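Trainee: Based on what follows, work out the 3D shape:
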Amino acid sequence: MNRIVIAGTSSHCGKTTVTCAILSALRHRGLKVCAYKTGPDYIDPQYLRLAGQCEAYNLDTWLMTGERTIQLFAETSRGNDAAIIEGAMGLYDGGMNSTAEISKLLRAPVVLVIDAKSAGESAAAVALGFREYDSDVNVAGVILNRVGSDYHAGIIAEALRAKGISLLGTFRRNDGLAVPERHLGLVPADEFSGCDYDLLGREAESCIDVGELMRIAGSSGSLHDVPLHEITPCVHGVIVGIARDEALSFYYPDSLRTLEALGANLVFFSPMRDDCLPKADGYIFGGGFPEMFAQELSGNASMLECIRLCRKPVLAECGGFMYLCRSITDTSGNVHGMAGVIPYDSVMTSRPVLGYMTARALRDSILCAEGQVLRGHEFHYSTVDGEQDKDTRLFELTRRGTNTSHYGGYVKGNITASYLHTNFFGNIESAKRFLSLIDIK
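Mentor: So this is what the prediction gives:
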């Protein structure tokens, strides 16, 4: 499999724009591409999916083991001409799950994106440092972003040549190609219609040596024989309702595919626009931006009443957790009534809670048994006032790195909810438990 990692020196250097441009350019050349994002990210893959007209998967050795990560890549890249992998943050950021570690795991060469604004020869010094920092990481070339002029590009190109570093392309400063940001990263792709993927592809063809990029991708080391993971169905005819629209859109595609592989039928519905829940044996409310669509969610009284009357098992993550609470107070201080099946209130704050988490279950739920340990991640700018209620809290959560712990989540009756994001592909037993417990046939 021809594969390459598009990494950056840091966040906000233009990795997503460059990766989308490359995907679009390859697609216009008639190549079949597949796309990936390293680390826990729901938004960037939406853009990669549209640019490459393909599914985009996350490669994350925390949410799944290294072996499972390789299996996911092997299974989903098969039959494609090229796999383009966008990194997270800076190349070496993230410890065991950094873009550098993923590149080594997949034996994939790296192209480094450098934001060249306000930099000259120093950009070459940065590239040299990144190349030499870990000799096991194959930094095969550089793409410069936000270059001001031909003269500007020439200064950096000469400095790169002097250090034996390949310059694969230069993107000029163009605010029209930028994607707007929000408090969790980029604005989701289904909310931003201003991204012209064909234009990005043409831009890549004009300013990147796409042929050389593909040659580098073809130099990837062999992954040898990867044992594929067979998932045996555990249920038959179980229907799972998945809440998915602009407000709640955060789902890992391999997580949903795992439910299907285990025998579930998935039906999708919109909490913003549909009048009622679809007929199903259980429901999942994923993460997203309910605070940005709080007025629309609160105004759909028939859906909220349907949820209040529902007695089927419900699993909610992050934004879905907020939606099931009594209210959401948005960033302007406006209070919006929500489903109220969780007797707490959600309030937006200015400080993020983020990081990988180890979650120890404090009681039985449809997700896991008491004492079971899950891996997941949190990323939110809100709090829920009842998370410390000892009678309903679901997890003791320990942050990776700091080893600090806190309690979180809610479990009572048919509701299991928390800020924790998980991936069923990395938690097969949890997926089996969920489906088996909602199977009432």
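
Trainee: where exactly do the strands run in the stretch 101-250 of the chain?
Mentor: For the stretch 101-250 of the chain, the strands defined by DSSP state E, counting those that start in this stretch occupy 110-115, 139-147, 167-172, 181-182, 185-186, 238-243, 248-250.

Trainee: Turn these into CSV, columns for distance to residue 420.
Mentor: Just so you know, the C-beta spots here come from the backbone N, C-alpha and C atoms, and that holds for glycine as well. Compiled in CSV, the strands of the stretch 101-250 of the chain are given as follows (distance: least, CB to CB, whole Å):
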stretch, distance to residue 420
strand 110-115, 31
strand 139-147, 34
strand 167-172, 37
strand 181-182, 21
strand 185-186, 19
strand 238-243, 17
strand 248-250, 12
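
Trainee: okay, the ones you listed in CSV with mean neighbour count next?
Mentor: Shown next, in CSV, are the strands of the stretch 101-250 of the chain (neighbours: other CB atoms under 10 Å):
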stretch, mean neighbour count
strand 110-115, 25
strand 139-147, 24
strand 167-172, 22
strand 181-182, 12
strand 185-186, 18
strand 238-243, 22
strand 248-250, 23
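
Trainee: Could you export the ones you listed as CSV, including mean pLDDT and distance to residue 405?
Mentor: Formatted as CSV, those follow (pLDDT from 0 to 100; distance: least, CB to CB, whole Å):
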stretch, mean pLDDT, distance to residue 405
strand 110-115, 97, 35
strand 139-147, 96, 38
strand 167-172, 94, 44
strand 181-182, 66, 29
strand 185-186, 68, 26
strand 238-243, 98, 30
strand 248-250, 96, 24
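
Trainee: Please, which helix or strand holds the closest residue to residue 295 other than its chain neighbours?
Mentor: Nearest non-adjacent residue to residue 295, counting by CB to CB, 6 or more residues apart in numbering: residue 336, 6.2 Å away. Here residue 336, judged by DSSP states H and E, is contained in strand 335-337.

Trainee: Which SSE is immediately downstream of that strand?
Mentor: Note on strand 335-337: by DSSP H and E, the next helix or strand toward the C-terminus is strand 342-361.

Trainee: Please identify which of the strands of the stretch 101-250 of the chain is closest to residue 68.
Mentor: Closest of those to residue 68 is strand 248-250, at 20.3 Å (criterion: CB to CB).

Trainee: Distance from the closest one to the middle of the chain?
Mentor: Remark: strand 248-250 is offset 11 Å from the chain centroid, using CA atoms, centre = their mean, to the nearest Å.

Trainee: Stretch 316-329 too?
Mentor: Using CA atoms, centre = their mean, the offset of stretch 316-329 from its chain centre is 20 Å.

Trainee: what's the span of that stretch, first residue to last?
Mentor: One end of stretch 316-329 sits 19 Å from the other (CA to CA, to the nearest Å).

Trainee: Could you do stretch 403-423 as well?
Mentor: 22 Å.

Trainee: Could you pull up the mean pLDDT of that stretch?
Mentor: Stretch 403-423 carries an average pLDDT of 95.

Trainee: related to what we said a few turns ago, quick one: which of the strands of the stretch 101-250 of the chain is nearest residue 29?
Mentor: With CB to CB as the criterion, residue 29 lies closest to strand 167-172 of the strands of the stretch 101-250 of the chain, at 15.4 Å.

Trainee: send the alpha carbons of that closest one over as PDB?
Mentor: Presented in PDB, the C-alpha positions along strand 167-172 are these (Å, rounded to 0.1, in the frame of the first residue of the first chain):
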ATOM      1  CA  LEU A 167      11.100  20.600  -0.900                       C
ATOM      2  CA  LEU A 168       8.000  19.100  -2.300                       C
ATOM      3  CA  GLY A 169       5.800  22.200  -2.600                       C
ATOM      4  CA  THR A 170       4.800  25.600  -1.500                       C
ATOM      5  CA  PHE A 171       1.400  27.000  -0.700                       C
ATOM      6  CA  ARG A 172       1.000  30.800  -1.000                       C
END
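
Trainee: Give me the angle between that strand and strand 139-147.
Mentor: With axes from the mean of the first three to the mean of the last three CA atoms, to 10 degrees defining the directions, strand 167-172 sits at 20 degrees from strand 139-147.

Trainee: same for strand 167-172, what does it pack against?
Mentor: If you count contacts as 3 or more CB pairs under 8 Å, 6 or more residues apart in numbering; DSSP states H and E, strand 167-172 packs onto helix 15-28, strand 139-147, helix 150-162, helix 197-207, helix 210-217.

Trainee: Could you identify which of the ones you listed is most buried?
Mentor: Stretch with highest mean neighbour count among the helices and strands packed on strand 167-172: helix 15-28 (a mean of 26; mean count of other CB atoms under 10 Å).

Trainee: so where is the chain shaky, pLDDT-wise?
Mentor: Along the chain, the model assigns pLDDT under 70 to residues 175-180, 182-185, 192-194, 224-229, 441.

Trainee: now with 80?
Mentor: 174-195, 224-230, 386-388, 440-441 (pLDDT under 80).

Trainee: now the helices for it?
Mentor: Secondary structure of the chain (DSSP state H): helices at 15-28, 44-52, 66-77, 99-105, 122-133, 150-162, 197-207, 210-217, 253-261, 294-299, 301-309, 319-324, 428-438.

Trainee: Residue 419 is nearest to which of those?
Mentor: Of all the helices of the chain, helix 319-324 comes closest under CB to CB, at 6.0 Å.

Trainee: pretty sure residue 130 contacts residue 140?
Mentor: No: using CB atoms under 8 Å, residue 130 makes no contact with residue 140, being 11.6 Å away.

Trainee: Give me the phi and psi for the nearest residue to residue 407 once chain neighbours are set aside.
Mentor: In this structure, residue 407 finds its nearest non-sequential neighbour in residue 393, 4.6 Å apart by CB to CB, 6+ apart. Backbone torsions of residue 393, given as degrees, to the nearest 10, read phi -70, psi 150.

Trainee: Fine, thanks again, bye for now.
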